[in-house]
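Asks: Here is a sequence with its predicted model. Questions after.
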Amino acid sequence: ALVQQLIERGWHPLIVSRGYGGAAQQPQHVTEKSDAQQVGDEPLLMARRKLCPVWIGRDRAAIAQLAMRAHPQCDVVVCDDGLQHYRLQRDVEIAVVDAQRGVGNGWLLPAGPLREPASRLKAVDAVVLNGDHAPIGQYLMQLNGAIFYNLLDSTQTATAADFKLLNNHAVAGIGNPKRYFDHLQSLSINFTPHAFPDHHAYLASELSFANCDAILLTEKDAVKCAAFADKRFWVLRVDAQIDPALIELITRKLSPYGRKTA
């Protein structure tokens with residue numbers, strides 16, 4: 001969503017990601033035909049939106065330089081999940097917080113969910129709350145989606161009403177599976193939930209549910225299930241709706257560069 005907003009304002013973004021969960025050892029350009037097991041599920045999902053170049057690599061600073069040589073038209077780098085990569089120069093820092101879970105127990109890994117103390121949020125340029133409302137001083141984002149597409153044939157779509165009389169199983173291997181299940185419930189879909197670890201590499205046997213008419217997947221999970229999917233596999237496309245004030249802040253921060261590299 002951020003990349004789309006930047007494009008609409010005349011910028012030419014480039015996405016750089018660690019490629020977490022992928023087996024690739026070398027920096028590489030991620031395309032829509034890449035293998036999720038090699039490049040990671042999230043980079044592949046971003047590449048399939050076909051908005052801008054997506055590259056992965058352990059050293060985000062080095063991969064950004066390599067990618068910009070390959071794509072000289074790019075003038076702003078959007079680094080997915082790079083707050084702790086301190087070798088990477090940053091002009092704008094954005095932290096996203098799950099409204100349902102907040103900072104958890106407030107402890108650092110492995111005792112808690114945090115990579116840095118919660119006080120780190122005071123130093124970033126913007127705190128974005130993924131939820132229904134945001135307090136003053138923070139920015140709101142929401143994930144919206146009501147249309148499913150079939151994993152075997154993306155031109156075949158369905159709405160919640162199409163699953164009303166079916167035996168549905170919902171699968172989520174994301175950071176907070178409950179958020180996905182809650183969203184399906186808000187669409188009045190009945191289902192049996194199956195939560196997996198974030199970035200889980202699925203086996204066909206794990207999704208061989210008895211008495212099953214439809215398997216409802218997140219997009220992030222779907223990119224890892226295409227090899228063994230059948231006509232029962234459906235994917236919910238979601239799009240982030242972000243606070244307009246956030247993109248205004250970001251473009252103000254970038255304006256001194258005059259659409260030169262940032």
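Replies: Great, that's in hand.

Asks: The stretch 151-262 of the chain: strands as residue ranges?
Replies: Under the criterion DSSP state E, counting those that start in this stretch, strands of the stretch 151-262 of the chain are mapped to 157-158, 168-172, 192-195, 214-218, 233-236, 239-242.

Asks: Excluding residues flanking it in the chain, which one is nearest Val171?
Replies: Spatially, and ignoring its direct neighbours in sequence, Val171 is nearest to His194 (4.9 Å; C-beta to C-beta, 6 or more residues apart in numbering). (Each C-beta comes from the backbone N, C-alpha and C, glycine too.)

Asks: Quick check: the gap between the nearest residue to Trp234 once chain neighbours are set aside and Gln89.
Replies: Excluding its sequence neighbours, the residue lying closest to Trp234 (C-beta to C-beta, 6+ apart) is Phe148, at 4.3 Å. Separation of Phe148 from Gln89 (C-beta to C-beta, to the nearest Å): 41 Å.

Asks: Who has more neighbours out of those two?
Replies: Phe148 (23 against 11; other C-beta atoms under 10 Å).

Asks: Bridged to the more buried one, which residues?
Replies: Beta bridges link Phe148 to Ala158, Leu236 when assigned by DSSP bridges.

Asks: list the contacts for the residue nearest to Val235 when sequence neighbours are not counted?
Replies: Once flanking residues are discounted, Val235 sits nearest to Ala222: 4.3 Å by C-beta to C-beta, 6+ apart. By C-beta atoms under 8 Å, 6 or more residues apart in numbering, the contact list for Ala222 reads Leu151, Phe233, Val235.

Asks: Let me know the closest of the residues you listed to Glu93.
Replies: Val235 (31.7 Å; C-beta to C-beta).

Asks: What's the mean pLDDT across stretch 143-161?
Replies: Stretch 143-161 comes out with an average pLDDT of 97.

Asks: Pull the residues that contact that stretch.
Replies: By C-beta under 8 Å, 6+ apart, stretch 143-161 touches 130, 162-163, 179, 183, 187-189, 216-217, 222, 225-226, 229-231, 233-241.

Asks: same thing with stretch 169-189?
Replies: Outside stretch 169-189, the residues that reach it (C-beta under 8 Å, 6+ apart) are 98, 100-101, 143, 145-146, 160, 163-164, 168, 191-200, 202, 207, 209, 212, 214-218, 220-221, 236, 238.

Asks: Keeping just the C-alphas, turn it into PDB.
Replies: Extracted C-alpha coordinates of stretch 169-189, given in PDB (Å, rounded to 0.1, in the frame of the first residue of the first chain):
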ATOM      1  CA  HIS A 169     -11.500 -25.100   6.900                       C
ATOM      2  CA  ALA A 170      -9.400 -21.900   7.400                       C
ATOM      3  CA  VAL A 171      -5.600 -22.000   7.400                       C
ATOM      4  CA  ALA A 172      -3.300 -19.200   8.700                       C
ATOM      5  CA  GLY A 173       0.400 -19.400   9.100                       C
ATOM      6  CA  ILE A 174       1.000 -15.700   9.800                       C
ATOM      7  CA  GLY A 175       2.100 -13.600  12.800                       C
ATOM      8  CA  ASN A 176      -1.400 -13.400  14.300                       C
ATOM      9  CA  PRO A 177      -3.700 -16.200  12.900                       C
ATOM     10  CA  LYS A 178      -6.500 -15.000  15.100                       C
ATOM     11  CA  ARG A 179      -6.700 -11.800  13.100                       C
ATOM     12  CA  TYR A 180      -7.500 -13.700  10.000                       C
ATOM     13  CA  PHE A 181     -10.000 -16.000  11.700                       C
ATOM     14  CA  ASP A 182     -11.700 -12.900  13.200                       C
ATOM     15  CA  HIS A 183     -11.900 -11.400   9.800                       C
ATOM     16  CA  LEU A 184     -13.600 -14.500   8.300                       C
ATOM     17  CA  GLN A 185     -16.100 -14.500  11.200                       C
ATOM     18  CA  SER A 186     -16.900 -10.800  10.400                       C
ATOM     19  CA  LEU A 187     -17.800 -12.100   6.900                       C
ATOM     20  CA  SER A 188     -20.200 -14.500   8.600                       C
ATOM     21  CA  ILE A 189     -18.300 -17.600   7.300                       C
END
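
Asks: With that, I have no additional questions.
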